[in-house]
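**Student:** Okay, sequence plus prediction incoming.
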Amino acid sequence: MMYLKRLLAFLCCFTLVFCLFPSSAFASGGNGNIDGGGGSMGQGTSSNFWNSGNDGVRITVVDASSGTAVSSPLDFSNRTQKTSLLHFGKVNKLQYLGGTGLSLQSGVAYSCIRPTQSMPTIVSSKGQSNIEAIKRYFCSEYACMMVAQAAGVDYERMIAGEYKLLIEPIAYFTHNGQYYCMTATEAGLYDQMSGGNLRKTMTSLTHKNLPLSMFLEFSDLGISVWTGNTTGKQNNSDIISTLGVGIVWFDEAPPEGEIEAPDVEYRVDTDVITAVTLRTDQDLTPDNPASVTFHILGTTYRVNDIVIPAGDSQVVWVKWHTPSTPQTITITVSVSGAYTAQDTFVAKIVDLNEHIPPDPVATDTNPGYSVPPLPNETQKLTANWGVWSCYWVPVWVWCDHGEDGGHWVDEGYWEYEYTGYSASISGEMSLMPDDIVPTASGKTMKSGYGVKTEVRATLSTDAPTSHITYPQTAFSVFPEFQYQTYLRLLQRSGGQSAKFIFKPNEFSTYDRTVHFTPLWFPDATDYTIYTQVWDTWTPDGMLSINLNDYVSIQGSLYDDWYTNRE
């Protein structure tokens, strides 16, 4: 058995503060270098006010080591913002700390991105934001892919740990009758430029709840951890240097996923199922599914949209047809989506027709022969497997925006269901003297004549046909060869309930579908043929059943020759 383990490319570590979102709706696994505080808001005036919920974030993709921006900063907001609002361009905190000056972009249209899945509240009007909800959102695959696409950076390189996300809270508010967009850092710089005028009119927002909506739990990228007051008003120096920032990074991976991919043996010209078991330690949902790709003999088979709850597993399979010639092939299996993994295993394709018994002749002898015991080969009579599915359970929560009204946010979760399937195989075998044996009586015959067989095998299952194959292969082994070395491959008819008989015997004058018993087989003994039915494939492996039946040997065909001669 070979086991495949590769990197699950997702663990967000991160430092932020915000409003409630359901963890089950997003990929779990974030660790946060983010904390937050805040307090209640004061009363505004007609010229100076802020509406609760009118917030957003500025995100910059930066080099994980140096903090250098590898993309332009991007603004995101749940609300569509006016292009004519007053702003200072897209400049991040590290750039301001590096010496970039605050510059009002007069006449330059403002732009921001509205996420398809709403962000949680970033700046709370009622005190501390829900930091855990913010972590869940910005560590989700959806949010990270959204940022990577908007920033034009490689998502795989980002989650591999090359980049970090610098996240800053934004408030959209009216100051002295004009509509502004500011990060906490810009609010601190602007207040310095205006001689404290902003602090006088918007202090609860710009110098408390906005800067305290997120700050670092530990130092990173040259920005210090915040250890000061988390509920009161803050000074410009602390806001500019330390507050109003969070960082998302992708340094570590969660526990690895695992594929079980065993070496296998198939028969030529046969429908088979190749299956692997996929395990995961994170929720795989329709928003974050896995896909498994099988590469077999130059053909690619892809299984998409695999969903599995964290800590569980599912078998994933492909149904295909083996070539008509014996060979050994390598099958490659890869996983993508939830994580990246790959493995290879060997499939040996064999031809059972290569082991036909030799031509029996009248001069054959076997002194000292004793009838061997029947084989005790392993058989698999039942199989069980299943498929996970999941569906969204909506939980609608009203987010109040104050004077601007509000909007509904779906804080639902994914619910998983497991559909189990089963299959079983049953069978029976009949061994009788050939119809043209002149002196046979019921199940008694003389040695040297041919015997015929009829084997029936039935598959019982509640699974779709895409999950299974019907019984396809049966072969018999014989006591004169110690049930070893030689075998006869039977010919099949029927499908779910298959019938097998001997193929026409190449040593038969009349092409009878028989096997010839040896002339020397001992008298007063049972001649028992042992048959195995194979190649009833399921995702849980191959079902097989072992059957046997006998004829009683009394005398040999020489006795008939002597009788006829007399």
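**Tutor:** Arrived safely.
**Student:** And the helices in the stretch 301-450 of the chain, which stretches?
**Tutor:** Using DSSP state H, counting those that start in this stretch, no helices are found in the stretch 301-450 of the chain.
**Student:** contact partners of stretch 313-323?
**Tutor:** 266-280, 292, 294, 296-297, 299, 301, 303, 306, 308, 349, 385-388, 466-467, 469, 537, 539-540 (C-beta atoms under 8 Å, 6 or more residues apart in numbering). All C-beta spots, glycine's among them, are computed from the backbone N, C-alpha and C.
**Student:** what's the domain layout of the chain?
**Tutor:** Here the domain parsing of the chain from the TED database is 31-251, 264-350, 423-563.
**Student:** re the thing from before, where strands are concerned, which of the contacts of stretch 313-323 count?
**Tutor:** Secondary structure assignment (DSSP state E) places 266-267, 271-280, 292, 294, 296, 299, 301, 303, 306, 349, 385-388, 537 from the contacts of stretch 313-323 within strands.
**Student:** so where's the longest strand in the chain?
**Tutor:** strand 413-433.
**Student:** now the helices: where do they sit in the stretch 101-250 of the chain?
**Tutor:** 131-138, 141-151, 155-157, 184-193, 197-204, 236-241.
**Student:** Give the other helices and strands that the last one contacts.
**Tutor:** Meaning helix 236-241. For helix 236-241, the packing partners by 3 or more C-beta pairs under 8 Å, 6 or more residues apart in numbering; DSSP states H and E come out as helix 93-97, helix 184-193.
**Student:** where does the stretch 451-566 of the chain have low pLDDT?
**Tutor:** Regions of the stretch 451-566 of the chain meeting the criterion pLDDT under 70 cover residues 562-566.
**Student:** If we use 80, what do you get?
**Tutor:** 561-566 (pLDDT under 80).
**Student:** got it, and the stretch 151-300 of the chain?
**Tutor:** For the stretch 151-300 of the chain (pLDDT under 80), the answer is 250-262, 281-282.
**Student:** Can you mark which positions in stretch 311-319 are buried?
**Tutor:** By neighbour count on 16 or more other C-beta atoms under 10 Å, the buried set for stretch 311-319 is 313-319.
**Student:** give me every residue that touches L94.
**Tutor:** Per C-beta under 8 Å, 6+ apart, neighbours of L94: 60, 62, 67, 69, 166, 221-223.
**Student:** Can you tell me the centre-most residue of this protein?
**Tutor:** A290 (3.4 Å; C-alpha atoms, centre = their mean).
**Student:** looking at it, it is touching S334, isn't it?
**Tutor:** No. At 10.7 Å, A290 does not count as touching S334 under the criterion of C-beta atoms under 8 Å.
**Student:** before we move on, back to that, list just the one of the helices of the stretch 101-250 of the chain that sits closest to M432.
**Tutor:** Nearest to M432 among the helices of the stretch 101-250 of the chain is helix 141-151 (64.6 Å), distances taken as C-beta to C-beta.
**Student:** hmm, who's touching that closest one?
**Tutor:** 10, 12, 26-27, 59, 61, 70-72, 74, 113, 115-117, 137-138, 154-155, 158-159, 165, 248, 287-288.
**Student:** circling back: for the helices and strands packed on helix 236-241, which one ends up most surrounded?
**Tutor:** Of all the helices and strands packed on helix 236-241, helix 184-193 has the most neighbours on average by mean count of other C-beta atoms under 10 Å, namely a mean of 24.
**Student:** Count the neighbours of the nearest residue to G386 once chain neighbours are set aside for me.
**Tutor:** Spatial nearest neighbour of G386, excluding adjacent residues (C-beta to C-beta, 6 or more residues apart in numbering): G420 at 4.1 Å. G420: 10 surrounding residues under other C-beta atoms under 10 Å.
**Student:** my read: G420 touches N384, true?
**Tutor:** Yes. With contact defined as C-beta under 8 Å, G420 counts as touching N384 (6.7 Å).
**Student:** ok, T325 to R267 distance?
**Tutor:** Using C-beta to C-beta, to the nearest Å, T325 is found at 12 Å from R267.
**Student:** the more surrounded of these two?
**Tutor:** R267 (19 against 9).
**Student:** Run a quick check on the more buried one versus K348, I expect a contact.
**Tutor:** No. Using C-beta under 8 Å, R267 is not in contact with K348, being 10.1 Å away.
**Student:** Nearest residue to E354 in space, please, no chain neighbours.
**Tutor:** Using C-beta to C-beta, 6+ apart, the nearest residue to E354 is P326, at 7.7 Å.
**Student:** Kindly confirm whether my reading is correct that the one you found touches A347.
**Tutor:** No. Counting by C-beta under 8 Å, P326 stays clear of A347, with 11.5 Å between them.
**Student:** picking up where we left off before, L86 versus the residue nearest to the centre of the chain, what's the distance?
**Tutor:** Counting by C-beta to C-beta, the gap from A290 to L86 is 46 Å.
**Student:** Over to Q482?
**Tutor:** For Q482 relative to L86 (C-beta to C-beta), the value is 95 Å.
**Student:** same question, G298
**Tutor:** Distance from G298 to L86, by C-beta to C-beta: 61 Å.
**Student:** more neighbours, the two?
**Tutor:** L86 (16 against 6).
**Student:** can you count the residues close to D238?
**Tutor:** 18.
**Student:** That one contacts G228, correct?
**Tutor:** Yes. Using C-beta under 8 Å, D238 is in contact with G228, at 6.5 Å.
**Student:** Among the contacts of L94, find me the one that's closest to A362.
**Tutor:** Looking across the contacts of L94 and measuring by C-beta to C-beta, the closest to A362 is V62, at 90.4 Å.
**Student:** wait, is the closest one part of a helix?
**Tutor:** No. V62 is assigned strand when assessed by DSSP: H, G, I helix; E, B strand; the rest coil, not a helix.
**Student:** any chance of the helices and strands packed on helix 236-241 in a markdown table, plus distance to D462?
**Tutor:** Compiled in a markdown table, the helices and strands packed on helix 236-241 are given as follows (distance: least, C-beta to C-beta, whole Å):
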| stretch | distance to D462 |
| --- | --- |
| helix 93-97 | 60 |
| helix 184-193 | 60 |
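**Student:** Nearest to F521, out of those helices?
**Tutor:** Across these, closest to F521 is helix 93-97 (C-beta to C-beta), at 91.3 Å.
**Student:** and stretch 194-204, which residues are buried?
**Tutor:** 198-199, 201-204.
**Student:** and if you look at stretch 142-154?
**Tutor:** Quick answer for stretch 142-154 (16+ other C-beta under 10 Å): 142-144, 146-148, 150-151, 153.
**Student:** Just the closest of these to L557, please.
**Tutor:** Y142 (79.6 Å).
**Student:** What's the separation between that closest one and N288?
**Tutor:** From Y142 to N288 the distance is 8 Å (C-beta to C-beta).
**Student:** Nothing else from me, thank you.
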